[in-house]
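> model this:
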Amino acid sequence: EYFTETTRTLQAEGGTRDHQLRIDQAITKGEYPYQYIVVDSFPSSQALLMAHEETREIRKASLQEVYAILVKPDNMTTMVTVALGKFRSLFARVVNTKEVKDPQSLSDQLDPDMDPDLEQIKHFRQSDHDQPFYMVNLNQFSPGGKKTYKQYSLLITPYLISVGGYPVIFGSILGNYIGDEKSGLFNKWSEFGLVYYPSRINFLRMMTNTPQTAAKIRRSGLKKAVLMV
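Numbers count the residues shown, from 1 in each chain. The predicted structure follows:
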């Protein structure tokens with residue numbers, strides 16, 4: 001009922017529900033009280049405010065916990081990555097992401113505040129190996145880390161393309177919209193990404209073959225990160 005009513009209302013205000021996805025697990029540390037992520041697009045801030053007001057009652061009746069952020073998408077990044085996908089096999093040969101390495105070999109290099117947790121990765125590997133999925137990325141930059149993280153993005157893009165992945169949405173977070181310090185994900189997040197992968201195995205091929213130089217650049221640019229499947 002909640003999804004039906006909120007979709008109808010945002011469409012009446014000229015918006016669209018672009019994604020409605022069930023959260024399977026977080027692969028970074030932390031348990032979050034969320035079952036779904038929805039991505040809604042609005043033509044204006046006024047349309048957002050009107051839809052928000054009109055769904056106040058159904059939201060109050062249906063939800064125990066809700067957290068919402070405002071994102072400004074970088075459509076060019078998505079377009080370029082998707083366009084380069086036609087060269088996927090070439091990228092795979094160049095960066096060598098054909099096989100999954102043992103994630104345990106990375107254990108002494110992982111940072112619990114921003115890297116996948118090995119126990120969560122075990123659960124991640126247990127099912128739906130061949131099913132496509134989306135990965136939610138929430139990044140908080142360290143001081144001066146935005147420029148550093150952009151270097152990492154350039155380095156990791158060939159690896160992402162080589163396994164058939166691409167960012168469906170990628171952009172700067174303008175601020176929190178709903179939720180306060182009590183919310184399970186509350187933070188001053190810097191960047192949001194919703195990334196498509198053809199399978200869990202493909203993601204692991206990318207993760208376990210990422211060069212340590214790129215991984216170190218990523219960690220130096222971030223203060224905290226959350227990854228949710």
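
> tell me what the lengthiest strand in the chain is packed against?
As assigned by DSSP state E, the longest strand anywhere in the chain is strand 166-178. If you count contacts as 3 or more C-beta pairs under 8 Å, 6 or more residues apart in numbering; DSSP states H and E, strand 166-178 packs onto strand 68-73, helix 75-84, strand 191-197. From N, CA and C alone the C-beta is placed, and that goes for glycine too.

> list the contacts of the residue nearest to Arg59 when sequence neighbours are not counted.
Spatial nearest neighbour of Arg59, chain neighbours left out: Val66 (6.8 Å); criterion: C-beta to C-beta, 6 or more residues apart in numbering. Counting by C-beta atoms under 8 Å, 6 or more residues apart in numbering, Val66 touches 59, 178-179, 183.

> can you check Leu49 too?
By C-beta under 8 Å, 6+ apart, Leu49 lies in contact with nothing.

> same check on Phe141?
By C-beta under 8 Å, 6+ apart, the residues touching Phe141 are 149, 190-191, 221-223.

> check which residues of stretch 108-128 are buried.
Using 16 or more other C-beta atoms under 10 Å as the test for burial, stretch 108-128 gives 110, 114-117, 120-121, 124.

> list of residues touching it?
Counting contacts by C-beta under 8 Å, 6+ apart, the residues outside stretch 108-128 that touch it are 25-29, 103-104, 106-107, 199-200, 204, 207, 212, 215, 218-219, 222-225, 227, 229.

> and the residues you listed, which of them are in helices?
Members of those lying in helices (criterion: DSSP state H): 200, 204, 207, 212, 215, 218-219.

> pipe the buried residues of stretch 108-128 into TSV and attach pLDDT and distance to Ser44 per row.
Shown next, in TSV, are those (pLDDT from 0 to 100; distance: C-beta to C-beta, whole Å):
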residue	pLDDT	distance to Ser44
Leu110	88	42
Met114	92	34
Asp115	93	38
Pro116	93	38
Asp117	93	40
Gln120	93	39
Ile121	93	41
Phe124	93	39
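
> now for these, which pair is the farthest apart?
By the measure C-beta to C-beta, Met114 and Phe124 form the most distant pair in these, at 16.6 Å.

> I'd like the next helix or strand past the lowest-mean-pLDDT helix or strand in the chain.
Lowest mean confidence among the helices and strands of the chain (mean pLDDT, DSSP states H and E): helix 118-125, at a mean of 91. With elements assigned by DSSP states H and E, the helix or strand that comes after helix 118-125 is strand 133-141.
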